[in-house]
Structures are given as C-alpha cells and as structure tokens.
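In: Need a 3D model of the sequence below.
(one chain, ligands or ions: 1)
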Amino acid sequence: MVACLLMSLVLLSATVAENPAVVADQLDGREKQLENLYADYWRTEYQIAMGKHNLSSRPIQEEIRTVVSDDAFLRDLERTSFSDPLLQARRKLFLNEAVYTRITNNPALTAVVEQITQQENTIRYKVGDRQLTRAELTDVLAHNPDRKLREQAWRATSQITAANGERIQNAIKLRNQLARKYSSELFSTFLLHRKGMEVQTLFEWFEDIRTQTEPEYQRLLDRMRRELGIAKIEPWDLEFYFSHFTNEFESQKFSTKDGWSKAKELTADLGYSLDPVEMHIADLSFPGAAYPVLYGREVKILANRYSGTYFYDRLLHATGHALHYQMMAEPSFLLRNNYAEAMDEGMAQVIALMMYRPEVNTKLFALTPEQASVVGETYRLKTFFTVRNTIADSLSEFEAYADPDQDPSAVYNRIHAEYLGVDMHDAAVWAFNPMYGSDPIYLESFVVGEMVAHQIQHKADQEFGKNWDKRAGAYLKTSFYSHGAAQSMDSLMRRGTGEPLTPRYLIHFLQHPSEQTSFRNRGTGAGKKAIE
Ligand SMILES: [Zn+2]
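Out: Down below sits the predicted model:
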C-alpha cells in the first residue's frame, strides 16, 4: 500500500485529475460486479455448509480479488475527490476493500483456509468407541450427566487441534505477512481498524467487564461447587452446569421442529415478516449462520441441529442477522456490505435476548412463571461464562497475531485459566474454536455485540415498555436494522440510544439476578436429580 500510494503521488503530478463523473460510473459498475460475485460466493458457501464438500468458493474469491485490485482503477479512484459525501464514503470503502481483499483472498491463504474448513466439516470426534459430529459432541458436553463421559468429550476436542493446529498457525503467519505488505500493520490491528474499533478501547472494555464481574463470578464458581457437589470445577462442568437447570422441561417446551414458526411468531409482534427468508436445519461445523446473498432480496439461514434452548438461542440470533440483511436500506453494495460488524452482532443478539424475557417466553413457549424465571436466570449465569470465555478466546487470538511463534496452546490455556477459574490440564483444545481458522479477528465482535444489544434493549424498554410491539419494531428498524456503513457504530449508537457505546448495560445485566425468588430458593429435589 505504501509503495502504491507513492507511485500514485508521482503520477498525480504528471496527469490531469480524473473526471469525477466518469470515475463514479466506474465505481457503480464495479460495486454491481462485486454484488453479483458475493451472491455467488454466499450461495456456494451455503451449499458447502449443507454438506456439498466437493464445491469450492476459491475461484469466486479470485474473481473478487481481480475486480477490487485493478491497479489502474485504484489509481483513478485515489486521485479523485467527490463532493457528494456518500460517494466519498464509497470511495474510501473501495480503497479499503482493495487492501482487505489483497490480504484475505490471497491464493496461498485461501488454500490453507479451505483445508482447515474441510477438516472441520469432515472430522468425527472419537469418544470411547463412538464417532461424534461437532453437534453431538457439544450436546454431550452440555447435557450428559455422566461426568467421566463429559471429560472424555472435552479432551476429544483436542483431536481437531492435532489435525488443524499447524495449518491455523500457518494461516496466522501468512495473514501477518500479507498485512505488513499491503497495510503496514499487524493483521489484527488492520482488521480491527476496518471495523471501526481501536485496540486500546476494546481492551479497556474487556478489562472493565472482567474486573466488574469478578466478585460475582467467584461466587458463581462457589455455588457451582456446592450444587454439583464437587471440590474442583473442571472445564467439562461449565457448559453442563448452565444447562442442567432446564433439563426437566426443556425438550418439551423448546421443540426443534417448531423453531421456524416460533421465530416468525416472535418477529411478527414487531411487525416484521420472515417469509422472504429461507431457513434450513443441518449438521454444521459452526453454531449457525445467516447469509446476505443479496441484501433485501435473498437472505438465507442455516441452523445447527442442536436441541432445547440453545437451538432457539442460535436460531433467533441468526434471525436477527437475517432481519438486518433483509431491511438494509443503503444506496450501494459497499455501503450495505461494510456495516460495522459489532453492530450487526448486536442486532442479531437483540432478537436472541427476547426469548429470555418472561413477557415473551411465557407466551411464545407457554412457560409457567417459575419456568420463565429458571430460563432467564440460567441465561444470565451462562452469559457470565460465555462473555468471559469469548473475551479469553479473543485475547488469545490477539496474542497469537502479536507473536505467532508462541505455543498457541500455552497462551490459550493461560488466559482461559485466568478468565474462567479452571485448570486447562495442558490440553491442546484451542483449535476447537472454528473462528481462528475461517473468521479471524471476529470474536471481539461477539462481546461488543452483547454490549450493543443490552444498550439497545435498555433504550427500547425505556421508550416502549417491556412488551415490545410494532412501535418498538419500527424504532429498531429505523435506528438500526436499516443501516449499513453510511454511519459509524459510534454515530448509530449515539443517535439510536442517546449515548456512546458502553459496557455498562451488559455489566448491569450480569450483576443483577432477576427479581423472582423461586429460582434461588429452589430446593435440591428436581435440580439434584438432573445433575446426578
Ligand atoms: Zn452472529
């Protein structure tokens, strides 16, 4: 990039400035080409995730790279200044997209990433004499009362590290080399800047969340020891602990086959229609996803074959993404496609959070007030674990990019032991997180997305009360779901909620048990039976 800029400065003095109208036309044309290529890309990725492992999106990624890295056009674009602020914003996005694509669509890198993903899609985890898919393994960890089996399942997650660990390390080194060449930054720093965030601010938010929730988290670990009747909490107890409360009614009230009709019912209350969105359930190597094939016109969802509340949580999260892609009303492809990622995660989470509200779940899932209280409080406790775990995942990744020669397992285990308060037993489980291979420097957006969602939820409650109706839906659409990259995350949050983005509402949620006492005073009867 530095070399490229210098060259264009030299040329600038020798040539006449471009006609802005001509360059704007060319920009239009290239954005349309990109829109079609990305539509092919997402359709192919969707097929691959559905099990067509012989397909590849690499040829399309190569075509995308050709369209955005045409040196002659980039020179023209760099030399042109537009008076229209939207055109000027699109110009900046295109130039950034060129650098980004040169890095991430580098043929050597996409080849490694494809190998990583293929391995993740095809691996079966050996537990005893059984061969489990990722979804089945996750289910054992979350729901199986046999503690020895859970330990085996947790240790089995290291099987993907044996297969993929070295490849992921190679991808990290390659991304750093490419970022140094094209942006003169570390890959992690370049990517975070592209998403409109600063490393310093992000790490401050992480630290605020960790320190302000630490006493409550320690109390939670005490409580887990007491309720599970064990002296030491192990990594294979965490997911299970947060899932066992609802075991008695979960399968009955949260049936997988009703998933899509419940999602439609929930969003219809807000005045939204999911009819144009296509949804399939499949065995996936990731929790689920929404695909913005063509914004506003063709949006697809894949839900993983999970069960119970976790199935609904992930489905509704994907639904939130789909609503964003469906309602996006920006005037050009780059303005649609370059939304701030953490905003998008926040909008997805706003919908997922709804299922934990008694105003919603007593009606939608016919829960009794006691069951609603258990679901809400279990979710709050589980969020403690997931937020701290995701911060640890994200910090481990930033460390890996800062010094790729460190042992990734040692770094990961040190940080996770600190954030989760458990011994990681020197097990090389880090590569079980599929984000490290295929979606680098994305994890922080889940945490920031939680901050966004709780802040938006707080504002909507203030304005419309806890029973959100079509007016709340209209507010969410106007302030958030219709927006892409024309406004920054900071500006959207200020305009939409009246204050800058803050971790305060997430921290407040984590610190405050729900009002109902039935959950906390619940005897040891049914609860004990479920965890034996
Ligand atoms: Zn998401």
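In: alpha carbons only for contacts and neighbour counts from here, please
Out: Will do.
In: Look at residue 55 and say how many residues are nearby.
Out: 12 (other Cα atoms under 10 Å).
In: ok so it is a strand residue?
Out: No. Checked against DSSP: H, G, I helix; E, B strand; the rest coil, residue 55 lies outside a strand; its state is coil.
In: Number the chain from 49, please
Out: I'll keep to 49 as the first residue from here, and by that count the last item is residue 103.
In: Show me the strands in this structure, by range?
Out: Listed in chain order, the strands of the chain (DSSP state E) span 173-175, 178-180, 326-330, 336-342, 346-352.
In: Can you mark which positions in stretch 72-92 are buried?
Out: 72, 75-76, 78-79, 81-83, 85-92 (16 or more other Cα atoms under 10 Å).
In: what about the closest residue to residue 326 other than its chain neighbours, distance to residue 527?
Out: Among residues not flanking residue 326 along the chain, residue 348 sits closest, at 4.7 Å (Cα to Cα, 6 or more residues apart in numbering). To residue 527, residue 348 is 23 Å away according to Cα to Cα, to the nearest Å.
In: Compare the two (neighbour count), which wins?
Out: Neighbours per residue (other Cα under 10 Å) separate residue 348 from residue 527, with residue 348 holding more: 24 against 16.
In: hang on, residue 319 packs against residue 518?
Out: Yes. Counting by Cα atoms under 8 Å, residue 319 does reach residue 518; the two are 4.9 Å apart.
In: shaky segments in the stretch 149-298 of the chain?
Out: The stretch 149-298 of the chain contains residues with pLDDT under 70 at 294-295.
In: can we see that at 90?
Out: Applying pLDDT under 90 to the stretch 149-298 of the chain picks out residues 153, 169, 182-183, 186-187, 190-191, 232, 244, 290-298.
In: looking at the strands of the chain, which is closest to residue 552?
Out: strand 336-342 (27.9 Å; Cα to Cα).
In: for the closest one, packing partners?
Out: In terms of contacts (3 or more Cα pairs under 8 Å, 6 or more residues apart in numbering; DSSP states H and E), strand 336-342 is packed against helix 68-97, strand 346-352, helix 356-375.
In: Alpha carbons of the shortest one, as CSV, please.
Out: I take that to be strand 346-352. Taking C-alpha atoms only, strand 346-352 is exported to CSV below (Å, rounded to 0.1, in the frame of the first residue of the first chain):
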residue,chain,number,x,y,z
GLU,A,346,-32.2,-13.1,-0.9
VAL,A,347,-31.3,-14.0,2.6
LYS,A,348,-30.7,-17.5,3.9
ILE,A,349,-30.3,-19.0,7.4
LEU,A,350,-28.6,-22.3,8.4
ALA,A,351,-29.4,-23.6,11.9
ASN,A,352,-27.3,-26.3,13.5
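In: List the residues that contact the most centrally placed residue in the chain.
Out: Central residue of the chain (Cα atoms, centre = their mean): residue 494, 4.8 Å from the mean position. Shown here is residue 494, whose contacts under the criterion Cα atoms under 8 Å, 6 or more residues apart in numbering are 390, 393, 394, 438.
In: so which of those residues is the most crowded?
Out: residue 394 (27 neighbours).
In: related to what we said a few turns ago, got a pLDDT number for the residue nearest to residue 326?
Out: As predicted, residue 348 sits at a pLDDT of 98.
In: Could you tell me how far it is located from residue 77?
Out: With Cα to Cα as the criterion, residue 348 and residue 77 are 26 Å apart.
In: what does residue 453 give?
Out: Going from residue 453 to residue 77 by Cα to Cα gives 43 Å.
In: low pLDDT regions in the stretch 349-498 of the chain?
Out: Those would be 352-356, 358, 426, 486, if you go by pLDDT under 90 across the stretch 349-498 of the chain.
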